[in-house]
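Colleague: Give me a 3D structure for the following:
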Amino acid sequence: MVYLPHDLIRLHDVTELKDYKQLPDWAQQSLKQAPVVVVRRGPITADGIPVGIRGAQKAERAAALLAVRNDYEIVHPKDLVRSQKWQLVAQNRQQLPVFRALKLIFPVLAPYEWGIGGSCGYELVTGVPMVNNASDLDVIVTHFPEMTVQEANGLLQNLNQFDVHVDLQVTQGQNGFSLEEYANHRSETILVKTVEGPQLVSNPWQAIREK
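Modeller: Numbering: from 1, shown residues only. Alright, predicted model coming up:
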């Protein structure tokens, strides 16, 4: 089974997390409310799958290892787009900028294989309110076609016209980079996140394919 960053895994039991009892109280409470973890970037070994736990506050993030099994329920970011899961959000939540923007960017991103991550993706899967008026919309795009800086700026302008900041991550496997950083072109190198750690590269499109 393949586990990729931003995937959400629903646990059978919280004790599948190694060192569960050593987690902070807020993390244990969060898992009781919604036994769902987020796959982190990192090597998957016999010791476990690197995952993260989200709390109610932005500062509440914890890293953990999940026992390797083949029968977890996995939700990929793109699954939320295929089902247009945001349509099932409670009416009062649909008024938040992120959920309003999702309906509008859906046709803009139609040519791409994209998904939803971050607080929005977590809320769509768990039903736990995480999105607020200031939330970004985290978009994960796989098999993204290489584009020029000018083309990237044009796409981001189209995505950011709906009163919410769209953070678009270009990914391939465990590798990824920010399209916004690429479009800003402030230096000759771009930060690419890899399984070995962050690296500065001159050509991110080539780097995510090779590493």
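
Colleague: now the closest residue to residue 47 other than its chain neighbours, what's its secondary structure?
Modeller: Nearest non-adjacent residue to residue 47, counting by C-beta to C-beta, 6 or more residues apart in numbering: residue 65, 6.2 Å away. C-beta here means a position set from N, CA and C on the backbone, and glycine is covered the same way. Assigned with DSSP: H, G, I helix; E, B strand; the rest coil, residue 65 falls in the strand class.

Colleague: Just list whatever residues bridge to residue 65.
Modeller: residue 50 (DSSP bridges).

Colleague: residue ranges of the strands in this structure, please?
Modeller: All strands of the chain, identified by DSSP state E, fall at 8-10, 36-39, 49-54, 61-66, 73-75, 113-116, 137-142, 166-172, 175-178, 190-194, 197-201.

Colleague: Throw the ones you listed into JSON lines and include mean pLDDT, thanks.
Modeller: Formatted as JSON lines, the strands of the chain follow (pLDDT from 0 to 100):
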{"stretch": "strand 8-10", "mean pLDDT": "97"}
{"stretch": "strand 36-39", "mean pLDDT": "97"}
{"stretch": "strand 49-54", "mean pLDDT": "96"}
{"stretch": "strand 61-66", "mean pLDDT": "96"}
{"stretch": "strand 73-75", "mean pLDDT": "96"}
{"stretch": "strand 113-116", "mean pLDDT": "98"}
{"stretch": "strand 137-142", "mean pLDDT": "98"}
{"stretch": "strand 166-172", "mean pLDDT": "97"}
{"stretch": "strand 175-178", "mean pLDDT": "97"}
{"stretch": "strand 190-194", "mean pLDDT": "96"}
{"stretch": "strand 197-201", "mean pLDDT": "94"}
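
Colleague: where does the chain have low pLDDT?
Modeller: For the chain, applying pLDDT under 70 flags the ranges 211.

Colleague: Pull the contacting residues for the residue nearest the centre of it.
Modeller: Nearest residue to the geometric centre of the chain (C-alpha atoms, centre = their mean): residue 117, 3.0 Å. By C-beta atoms under 8 Å, 6 or more residues apart in numbering, the residues touching residue 117 are 6, 77, 138, 139, 140, 169.

Colleague: who touches the third one in this structure?
Modeller: For residue 138, the contact set (C-beta under 8 Å, 6+ apart) comprises 6, 116, 117, 118, 119, 120, 121, 167, 169.

Colleague: related to what we said a few turns ago, nearest to residue 47, of the contacts of residue 117?
Modeller: Lowest distance from residue 47 to the contacts of residue 117 (C-beta to C-beta) belongs to residue 6, with 21.2 Å.

Colleague: Having no further points to raise, I will conclude here.
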